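make a model of this:
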Amino acid sequence: MTHRLPDWALAGRGHWRHRGQERPPFADRPGPGQESVWDYPRPPRLVPDSRLVEVRLEDRVIGSTRGALRMLETASPPTVYLPPDDLDVELLQEVGGGSRCEWKGEATYWDVVVGSRRLTRVGWSYPAPFAPYESMAGFLSFYPAALECRIDGERVLPQPGGFYGGWVTSEIAGPFKGEPGTGGW
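Numbers count the residues shown, from 1 in each chain. Sure, this is the predicted structure:
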């Protein structure tokens, strides 16, 4: 059964200038072993990642997996999603509000609570993602500005701008969407 996308998703899909078919002249040239975010497609591609992905708050492990999913989208560092079975759900609380992605659908936000410490809206998930992203339903990603996120031991840096949740590592070349003036990238 095919579902019609909501008007807000259709409108959002139409405004992107760059779609991964051609690297723009301002893009950094990837070095050996690097990927350019300008070669990632739009619509995004969801790919499995068997490397060790860890999310921590100080000495508490929020999640650890070799079954992550990477979302690859033009101009953005990959966003890494962890499966719910590999998360310490006792430390997660779903909170009100949300956001929308024209490709993935409507997101739900999560707080991380460790003892008396609460980090607000530092994780998100897509409970009912649009096709073809159904396999990521219930997986969570986290903002690396708020939590210690690592891929195979490398500490992840946050995507610029504070809104997007991309995970910046040494394996990718930018520049990245998120800074002022990059909204249409």
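
from here on, contacts and neighbour counts on C-alpha atoms
Fine.

which sections of the chain are below the confidence cut-off?
Low-confidence segments of the chain (pLDDT under 70): 1-2, 13, 15-19, 184.

what bridges to the most centrally placed residue in the chain?
Residue closest to the average C-alpha location in the chain (Cα atoms, centre = their mean): Thr79, at 2.4 Å. Beta bridges link Thr79 to Met71, judged by DSSP bridges.

roughly how far apart are it and Gly63?
As judged by Cα to Cα, to the nearest Å, Thr79 and Gly63 stand 15 Å apart.

still on that earlier bit, let me see the contact set for the residue nearest to the centre of the chain.
Residues near Thr79 by Cα atoms under 8 Å, 6 or more residues apart in numbering: Arg70, Met71, Leu72, Ser141, Gly165, Gly166, Trp167.

got those as JSON lines, with distance to Asp59 and neighbour count columns?
Output for those, formatted as JSON lines (distance: Cα to Cα, whole Å; neighbours: other Cα atoms under 10 Å):
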{"residue": "Arg70", "distance to Asp59": "25", "neighbour count": "22"}
{"residue": "Met71", "distance to Asp59": "27", "neighbour count": "20"}
{"residue": "Leu72", "distance to Asp59": "29", "neighbour count": "23"}
{"residue": "Ser141", "distance to Asp59": "19", "neighbour count": "27"}
{"residue": "Gly165", "distance to Asp59": "22", "neighbour count": "24"}
{"residue": "Gly166", "distance to Asp59": "23", "neighbour count": "28"}
{"residue": "Trp167", "distance to Asp59": "21", "neighbour count": "26"}
